[in-house]
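Colleague: missing the sequence, but the structure's below:
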């Protein structure tokens, strides 16, 4: 369920904007400094992680592979920031060049095999890492509510299914309504053990076995295990499935 107005071009613009902020934050930080939102990570770990993610994910856009691929071999001879700069530049070029409707393998059983899924994932991964980096230098900027809405939608329609299809299968069944308080969008996600989750717009007043409310930015970063959120009620097991950011 892609939100109206979001296109490959718009996700590319988000990537470029967020990448610039990430690059500035890590340049201002001590490479050995710990990342508050990622216990056990240093700034250098964060830099290498994003660079590696970009190299691996853009390989699908470059090749148009219809099957999962092995990650490319890491490039040697570069410092972490040189590696990052190379991948940021290459990702910007690839994202701008590949149309969103190009067929390509994607990572979630709930997502179509189309390139825009990667445009979206790369944009939001960069948002998350920008947030992580800015917590180090204590200069976290607000994230636009419309971007947070798209990020919530990605989690509920794509990432939860990928999580359950990967290393974190769950036997939990139930429903959750996610209803941010500052935007009109809302979602109902239905979980059935052993099946791909189903997500649709929640009806006015509709409730689930669990409810999540709060400003869109708080909900977005709560889903990725970056912020605390008090406005949660209902089945804790269902809520735990929705939090996709543990270890990420």
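Modeller: All right, it came through fine. For clarity, every value in this text was computed on a predicted model and none was experimentally measured.
Colleague: so where is the chain shaky, pLDDT-wise?
Modeller: 1-4, 247 (pLDDT under 70).
Colleague: So which residues of it form helices?
Modeller: 8-28, 43-63, 80-97, 116-137, 145-154, 160-165, 216-223, 236-242 (DSSP state H).
Colleague: Include distance to residue 109 when you put the ones you listed into CSV, please.
Modeller: For the C-beta atoms, the positions are set from N, CA and C on the backbone; glycine is no exception. What follows is the helices of the chain, written out as CSV (distance: least, Cβ to Cβ, whole Å):
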stretch, distance to residue 109
helix 8-28, 21
helix 43-63, 16
helix 80-97, 24
helix 116-137, 12
helix 145-154, 15
helix 160-165, 5
helix 216-223, 19
helix 236-242, 15
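Colleague: Figure out which of the ones you listed is closest to residue 209.
Modeller: helix 236-242 (5.4 Å; Cβ to Cβ).
Colleague: contact partners of stretch 67-80?
Modeller: Stretch 67-80 is touched from outside by 31, 44, 47-48, 51-52, 55-56, 59-60, 63, 83, 86, 105, with contacts defined as Cβ atoms under 8 Å, 6 or more residues apart in numbering.
Colleague: now the end-to-end length of that stretch.
Modeller: The straight-line separation of the ends of stretch 67-80 (Cα to Cα, to the nearest Å) is 29 Å.
Colleague: Quick one: work out the angle between the lengthiest strand in the chain and helix 145-154.
Modeller: The residue-count maximum for a strand in the chain (DSSP state E) belongs to strand 174-180. Using axes from the mean of the first three to the mean of the last three Cα atoms, to 10 degrees, the direction of strand 174-180 lies 170 degrees away from that of helix 145-154.
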